[in-house]
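[1] predicted model and sequence follow; I will ask about them next.
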Amino acid sequence: MIYLEEALRVLFANKIRTLLTITGLIIGVGAVIAIQVLGASMATSVNGALGSLADDSFILAPSQVQGDFRKAAVKIADIATILQTVPNVVQGLPAGGRSLLVSHEHNQARLFLSADSDRPFNQSPLRYGRKFTPDDVAAATNVCVITDRAYKRLFPKGGDPTGQSLYAGLHRYVIIGTLAPPKQGLLNAQFGGDVTIPYTTYTDQYIHDGIAGAARFVVNDPSTMSATEIAVMNAIKHLHGNPKGVQYQTFDKAQFTQGINQIFNVLTIIVALIGAVSLLVAGIGVMNIMLVSVTERTREIGVRKAIGARRSQVLAQFFIEALLLCGLGCAIGMLIGLGIGSFVNHTAIVKLNGTVPPLPWVEAVVTTGIFMIVVTLAFGTYPAFRAASLDPIEALRYE
Amino acid sequence: MNNDTVIDVRDVTKTYRNGSLEVRALDGVSFTIARGEYVAIMGPSGSGKSTLMNVLGCLDRATTGTYSLDGADVSGLDDNALAEIRLKKLGFIFQGFNLLARTDAIKNVALPLFYAGVPAKARNAAAAEQLAEVGLGDRGHHKPNELSGGQQQRVAIARALVNNPAVLLADEPTGNLDSKTSVDILALFESLNVRGRTIIVVTHDAEVASHARRILRVRDGLIVSDGPPQRRGEAELPA
């Protein structure tokens, strides 16, 4: 491929010019690829966290924005009524919890205690023991399941804690299960307490005014979750006498996923904008230098044409030179972007995730390839066309 | 036109339009050149000599008249067809050598073969052979800036010859060379001509023209004389 050989010779003959020309591309592509890598890393950690969240449950809570929060608060009686009247709802329990000083022997920690059922909200696998059974719930026993975080704080020496007791606030609970550490978990802690007790026990011990505040409902058929959520919101409004200004909202796994996807969509748009701007700036640089190159080599182009080069052959030569210039810039930019992404993965993401996410090689190469082709086509075509269109007589006369 | 005619120019005119001003650079030129001739085209600047060379070299088209090169009428051809003719039938030699910088002699000579689509191995072999023929067999891997002016012009001649053209067209081939080197280059032309090459040299230098077997003098867009050179030492006609 003599075009490539000649293009390489030209680019290496003007090393500084080449480097300056491709700097824009290096920065642009580098930034885009780095953000792409980080986006992929964040996605793995969030998906990992959401992976342990039950998809057959939703939370019902008064909206944050309203006049009288107490009037809107979900009552235990409301939960019972909804359970009886709204189809598809099979279980209802108070959501939320208490931050308490929890102790085991001389180990103490301030941990979040919450209610759960035999259909747990946090579906992380077990490390020791078992989860709640319907019997635990029916009998309102003083048992608890603890997360890995609680386990590490209360049992620094390790060992199976099943059967041992811990004190939380005024009560003593027997540990029946310990959850495994989350494999990847950025948001795990938010989806339930570190110490969970049967919701019947929780209602007996912590809810004295009949007000749960928020509730979690388990549905029979998750595919009609949205319709059930609307039915439940209508029911609770009706139960409270449809007061003005009182609003409710629901959260479920699908909504969380959607919300996070929206964040990523925004991120993608920002990346696309950065990409477009850097593409434009870098492309103008490439076009400028290619036009300079064509002008400088007018005489050479004249000689080539006199020797018998066809239009298409001159066009190909300058087009390949532009392609090589863009390819070089994009490739260096990609490597730098992957380098930055990999560095952040190893230093920051690993702390959130516990593991280093893999680099998205294929996506990076595809993005870089698209950049290269778009910039070359948009900004390399005109200079090449100009070279090909030169009149050989004029070109040979050019000094 | 018999088989030995390689160039047949009939009533060729060339008119340039510069706004409303019409300049007639060639005003009805007719001549033929036979295969194996060594012709010099002479004339002062502005005479139409360069225009004639551009038409002969298929870089430009005549406004009227016909031009046949190597048995084919090239008068009405489009740009790509003319490029094809230049590639296959013409070899150009320029005053300024016009070699590709940073490219060694063999690759410079092989360039026309590349445009003709000859595979790399074959074209490098042909280029090396051609370089040997102009006396630069040992300089194949030297770059132009490592060669003297005379050597560079030899490389350029090898490049012009590598496609085995019907006509070798040289524009002031010794204009950038000292007199001693000029003699060498002209001697090379003579030896090529002896071996059957058709050579056209465009020059304003009477000494260069005197090496040709025939001189066409151009003035005001017309051929004013056509004949063998005067013997050396004889006074030049004022051009």
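    Yep, it's here. Numbers count the residues shown, from 1 in each chain, chains lettered A, B, ... in the order given.

[2] so which residues of the stretch 1-150 of chain A form helices?
    Along the stretch 1-150 of chain A, the stretches classed as helices by DSSP state H, counting those that start in this stretch are A:2-13, A:15-51, A:69-72, A:76-85, A:134-139, A:148-154.

[3] among the ones you listed, which comes closest to residue A:326?
    Distance to residue A:326, taken as Cβ to Cβ, is lowest for helix A:15-51 among these, at 6.4 Å. All C-beta atoms are positioned from the backbone trio N, CA, C, and that covers glycine.

[4] average pLDDT across the closest one?
    With pLDDT averaged residue by residue, helix A:15-51 scores 83.

[5] would that helix count as contacting chain B?
    No - Helix A:15-51 does not reach chain B (Cβ under 8 Å from any Cβ of the partner chain); its nearest approach is 12.7 Å.

[6] tell me how far the nearest residue to residue A:311 once chain neighbours are set aside lies from residue B:84.
    For residue A:311, the nearest residue in space outside its immediate sequence neighbours is residue A:388; the separation is 4.6 Å by Cβ to Cβ, 6 or more residues apart in numbering or on different chains. Distance check for residue A:388 against residue B:84: by Cβ to Cβ, to the nearest Å, it reads 16 Å.

[7] could you do residue A:59 as well?
    Residue A:59 sits 78 Å away from residue B:84, taking Cβ to Cβ as the criterion.

[8] try residue A:254
    Using Cβ to Cβ, one gets 67 Å for the distance from residue A:254 to residue B:84.

[9] can you list the helices of the stretch 1-150 of chain A in TSV and add mean neighbour count?
    Formatted as TSV, the entries for the helices of the stretch 1-150 of chain A read as follows, by neighbours: other Cβ atoms under 10 Å in any protein chain shown:
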stretch	mean neighbour count
helix A:2-13	16
helix A:15-51	20
helix A:69-72	14
helix A:76-85	16
helix A:134-139	15
helix A:148-154	20
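
[10] how about the ones you listed, which one is nearest residue A:198?
    In this view, these are compared for proximity to residue A:198 by Cβ to Cβ, and helix A:134-139 is the closest at 4.7 Å.

[11] which strands or helices does that closest one pack on?
    The criterion is 3 or more Cβ pairs under 8 Å, 6 or more residues apart in numbering or on different chains; DSSP states H and E, and the helices and strands that helix A:134-139 contacts are helix A:199-206.

[12] taking helix A:76-85 as reference, get the angle to the helix it packs on.
    With axes from the mean of the first three to the mean of the last three Cα atoms, to 10 degrees as the basis, helix A:199-206 and helix A:76-85 are set at 160 degrees to each other.

[13] buried residues, helix A:199-206. List them.
    The neighbour-count criterion (16 or more other Cβ atoms under 10 Å in any protein chain shown) identifies A:199-203, A:205-206 as the buried residues of helix A:199-206.

[14] out of the residues you listed, who's near chain B?
    Among the buried residues of helix A:199-206, proximity to chain B is found for none (Cβ under 8 Å from any Cβ).

[15] helix, strand or coil for whichever residue of chain B sits closest to chain A?
    Ranking the residues of chain B by distance to chain A (Cβ to the nearest Cβ) places residue B:87 first, at 2.5 Å. Secondary structure for residue B:87, judged by DSSP: H, G, I helix; E, B strand; the rest coil, is helix.

[16] find the nearest non-adjacent residue to it, please.
    Nearest residue to residue B:87, sequence neighbours excluded (Cβ to Cβ, 6+ apart): residue A:308, at 2.5 Å.
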